[in-house]
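Participant: sequence first, predicted model second:
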Amino acid sequence: MAITGAGKGIGAAVAQLAAARGHDLLLTWGNDRAAAERDAGACREAGAAVELVQSDAADPEATARAFAALDARFGRLDAFVANAGITGPASTFLDSTDGTWRRVFEVNVLGLATACREAARRMATSRGGRGGGIVCVGSRAPAFGSPFEFVHYAASKGAVDPLVRGLAKELVADGIRVNAVAPGMIDTGIHAAAGIPERVDRMLPSVPMRRLGTPEEVAEAVLWLLSDAASYVTGAVLDVSGGR
């Protein structure tokens, strides 16, 4: 299995659950080496073979190098989780910059598409692969628009659902199922990293379950979509959002 953005948060939780369930792993990380190495160590302790690669998700050459490392280490790919993503800094639309919009779309849209293409080329039965599953990590943000804070992020994540549905139809004949999870308010450091740690407390009353989700709960949904238990599921977007 390959997982992008696996150093922390949802990506780390997916990696550790996958390791516990017998998957060997290619894990990519962006800018926190210590967190990535802790995650890789936990996966190895669970019995997984792990290839850990630094990769800027917005750089197609870096993505290609990461998948080449997978080829060299494992020789095949049967599951891929496109998790790498960024919010960009919180701001109103009027104060947002072209640089923020460009970077967020380069990672969350173009980088996602590049990584999915690399994975699908290795899985496609028409190209010598054995089929497999892809899960993209989207967001509930497009449903709300994230005004005054993350319109740029919500807009970028709005590309995930149609990408997943299109790829599901295009790749099904190659033995590849493509789905997505759409997390809501999850207990990670993403809001603090964007400069608004108080956002969690402010938004919590809008969650019908009245609590944050955990990265582990998202990971369970991802691993289910990749499992044989979801063998008739493709083109689905599964909300993991406590009802929000």
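Facilitator: Done, it's in.

Participant: need the per-residue pLDDT for the nearest residue to residue 78 once chain neighbours are set aside.
Facilitator: The shortest distance from residue 78 to any non-neighbouring residue, by Cβ to Cβ, 6 or more residues apart in numbering, is to residue 132 (4.1 Å). All C-beta spots, glycine's among them, are computed from the backbone N, C-alpha and C. In this model, residue 132 is scored at 98, pLDDT.

Participant: measure the residue nearest the centre of the chain to residue 130 for me?
Facilitator: The centroid of the chain falls nearest to residue 83 when counting by Cα atoms, centre = their mean (1.4 Å). To residue 130, residue 83 is 23 Å away according to Cβ to Cβ, to the nearest Å.

Participant: can you tell me the element residue 88 falls in?
Facilitator: Using DSSP states H and E, residue 88 maps to neither a helix nor a strand.

Participant: measure how buried it is and give me the count.
Facilitator: With neighbours defined by other Cβ atoms under 10 Å, the count for residue 88 comes to 22.

Participant: check what pLDDT it gets.
Facilitator: pLDDT for residue 88: 95.

Participant: quick one: contacts for it?
Facilitator: Residues near residue 88 by Cβ atoms under 8 Å, 6 or more residues apart in numbering: 100-101, 103-104, 150, 152-153, 194.

Participant: am I right that residue 239 falls within a strand?
Facilitator: Yes. Counting by DSSP: H, G, I helix; E, B strand; the rest coil, residue 239 is found in a strand.

Participant: ok, what's across the strand from it?
Facilitator: Beta-bridge partners recorded for residue 239 (DSSP bridges): residue 182.

Participant: what does the pLDDT read for it?
Facilitator: The model reports residue 239 with a pLDDT of 98.

Participant: helix or strand next in line after the helix or strand bottoming out on mean pLDDT in the chain, which one?
Facilitator: Lowest by mean pLDDT, DSSP states H and E among the helices and strands of the chain is helix 190-193, with a mean of 70. Sequence order places helix 199-203 as the next helix or strand after helix 190-193, per DSSP H and E.

Participant: returning to that earlier point: pretty sure the residue nearest to the centre of the chain sits against residue 139.
Facilitator: No. Using Cβ atoms under 8 Å, residue 83 is not in contact with residue 139, being 11.5 Å away.

Participant: tell me which stretches of the protein form strands.
Facilitator: Residue ranges of the strands in the chain, as given by DSSP state E, are 2-3, 25-29, 50-54, 79-82, 132-137, 176-183, 237-240.

Participant: for this protein, give me the ranges with low pLDDT.
Facilitator: By pLDDT under 70, the weakly predicted segments of the chain are 191, 194-195.

Participant: for the residue of it positioned farthest from its centre, phi and psi?
Facilitator: The centre of the chain is farthest from one residue, residue 94, which by Cα atoms, centre = their mean lies 28.5 Å away. Taking degrees, to the nearest 10, you get phi -60, psi -30 for the backbone angles of residue 94.

Participant: if we can go back for a sec, so can I have CSV of the strands of the chain showing distance to residue 15?
Facilitator: Formatted as CSV, the strands of the chain follow (distance: least, Cβ to Cβ, whole Å):
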stretch, distance to residue 15
strand 2-3, 5
strand 25-29, 6
strand 50-54, 8
strand 79-82, 8
strand 132-137, 13
strand 176-183, 15
strand 237-240, 17
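
Participant: distance to residue 112 and mean neighbour count for those - can I get that in JSON lines?
Facilitator: Listed next are those as JSON lines, based on distance: least, Cβ to Cβ, whole Å; neighbours: other Cβ atoms under 10 Å:
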{"stretch": "strand 2-3", "distance to residue 112": "13", "mean neighbour count": "28"}
{"stretch": "strand 25-29", "distance to residue 112": "13", "mean neighbour count": "28"}
{"stretch": "strand 50-54", "distance to residue 112": "17", "mean neighbour count": "19"}
{"stretch": "strand 79-82", "distance to residue 112": "5", "mean neighbour count": "28"}
{"stretch": "strand 132-137", "distance to residue 112": "6", "mean neighbour count": "26"}
{"stretch": "strand 176-183", "distance to residue 112": "10", "mean neighbour count": "25"}
{"stretch": "strand 237-240", "distance to residue 112": "14", "mean neighbour count": "18"}
